[in-house]
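*Asks:* fold the following and give me the result.
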Amino acid sequence: MNQVNLIGNLTRDPELTETAAGVTLCRFSIAVNRNYKSSDGERKTDYFNCVAWRGLGETVAKWTKKGNKIRVTGSIETNTYEDSKGVKRTSFEVVAQDVEFLTAKTSAEDDAASKHLQPINDDTDIPF
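*Replies:* Sure, this is the predicted structure:
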């Protein structure tokens with residue numbers, strides 16, 4: 001079974017693009033701290049390139065930005081290619097199946113979201 005769960009912070013703003021066939025995808029990268037420190041007392045960090053397709057990708061691009069903490073559940077895909085010098089290379093990418101946003105909204109974001117709602121001050125039609 002090929003399944004991975006990662007919790008980390010976005011290293012840059014997500015990039016929303018479209019394939020030639022018109023399918024939406026979002027590329028992003030997350031930094032994940034290791035659970036232990038090295039012999040010099042430093043905590044190492046691993047970086048993972050991720051992609052989210054279609055609606056999930058649109059949601060990630062719309063609601064996240066650099067520095068946000070997210071949880072990504074998905075699978076790892078390997079790709080092989082030749083670089084400009086003809087050397088065979090391998091890359092790894094996490095294909096997201098689910099993304100959970102773990103960074104709390106700021107008060108400015110809450111204020112912006114609430115501007116769409118209009119309070120009702122008319123109690124005359126309430127039946128109780």
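*Asks:* what about the helices in this protein?
*Replies:* Here the chain has its helices, by DSSP state H, at 54-63, 107-114.
*Asks:* the first one - contacts with which helices or strands?
*Replies:* Helix 54-63 makes packing contacts with strand 15-18, strand 24-37, strand 43-53, strand 88-101 when contacts are defined by 3 or more C-beta pairs under 8 Å, 6 or more residues apart in numbering; DSSP states H and E. The C-beta positions use only the backbone N, C-alpha and C, and glycine is treated the same way.
*Asks:* that older thread, could you tell me the least trusted of the helices of the chain?
*Replies:* The weakest mean pLDDT among the helices of the chain belongs to helix 107-114, with a mean of 56.
*Asks:* can you redo the helices and strands packed on helix 54-63 as CSV with mean neighbour count and mean pLDDT?
*Replies:* As requested, the helices and strands packed on helix 54-63 are exported to CSV (neighbours: other C-beta atoms under 10 Å; pLDDT from 0 to 100):
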stretch, mean neighbour count, mean pLDDT
strand 15-18, 13, 97
strand 24-37, 16, 96
strand 43-53, 15, 96
strand 88-101, 14, 97
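*Asks:* let's have those in a markdown table, adding distance to Lys65.
*Replies:* Converted to a markdown table, those look like this (distance: least, C-beta to C-beta, whole Å):
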| stretch | distance to Lys65 |
| --- | --- |
| strand 15-18 | 12 |
| strand 24-37 | 10 |
| strand 43-53 | 15 |
| strand 88-101 | 11 |
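*Asks:* and stretch 5-18, how far out from the chain middle?
*Replies:* Centroid separation for stretch 5-18 versus its chain: 4 Å, with C-alpha atoms, centre = their mean, to the nearest Å.
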